[in-house]
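Student: Here is my input; please provide its structure:
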Amino acid sequence: MNHVIKTALRLGLFLAIALSTAARSDDFDQLKATTPVQRAAAQTEYMKSHLALTDAQIPKIAALNQKYAEQMEPVIRGTDGGLGKMLKAKAIQENKDAELRQILTPAQFDSFESSKDEMREAVKRVLMKD
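Tutor: Next up is the predicted model:
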C-alpha cells in the first residue's frame, strides 16, 4: 500500500478515536506516527465531505480541529494506560463537541454524532487489512 494511503488510514484512525468513547491504547499507539496538523486536516476533510460544511464553517472547523488535535497530542504520546487515555480523550472530545454545536447546524451535528461508531469501525476494518 502506498505511503499516501497509509497516511490517510492513520489519519482516519485518529478521527475515529477522537470521536469514539471506546478508544483502546493500541489505537493511540498507531497515531504516534501522525502529527496534530495531519490529524486536524484529515478531520476537516472528513467533515467537509460528510457534513456539507458551508464556506463560512470550513475555517472555523479547521481551527477547531487543529486546537483539539493539539490537545490530544499529549494523550496520544502519553504513558497512561488504555483507560486513562480513553478518559482523557473523552473529556477532550466532550469539550470539542460543545464547541462544534456552536458552529454546526443541528442537522449537521446530529449527522456528526450518528457517524462516530460507523466511522470508527470502517477505519478499523481498513487498517486490519494492511
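
Student: So in the protein, where's the weakest helix or strand by average pLDDT?
Tutor: Using mean pLDDT, DSSP states H and E, helix 116-129 stands out as the lowest-scoring helix or strand of the chain, at a mean of 51.

Student: Show me where the protein has its strands.
Tutor: Counting by DSSP state E, the chain has no strands to list.

Student: just the helices in it please.
Tutor: Ranges of helices within the chain are 3-19, 25-31, 36-51, 57-77, 82-103, 106-114, 116-129, based on DSSP state H.

Student: For the protein, give me the ranges with low pLDDT.
Tutor: Across the chain, the ranges flagged by pLDDT under 70 are 1-30, 118-130.

Student: how does it look with 90?
Tutor: The model of the chain has pLDDT under 90 over residues 1-50, 76-86, 89, 114-130.

Student: my read: R39 touches A69, true?
Tutor: Yes: here R39 reaches A69: they are 4.5 Å apart, a contact under C-beta atoms under 8 Å. Heads up, the C-betas are built off the backbone N, CA and C, glycines and all.

Student: Determine the number of other residues adjacent to G78.
Tutor: 12 (other C-beta atoms under 10 Å).

Student: Can you tell me the closest non-neighbouring residue to it?
Tutor: Excluding the flanking residues, the one nearest G78 by C-beta to C-beta, 6 or more residues apart in numbering is K85, at 6.6 Å.

Student: State the distance from that neighbour to P74.
Tutor: Shown here: K85 relative to P74, a distance of 10 Å by C-beta to C-beta, to the nearest Å.
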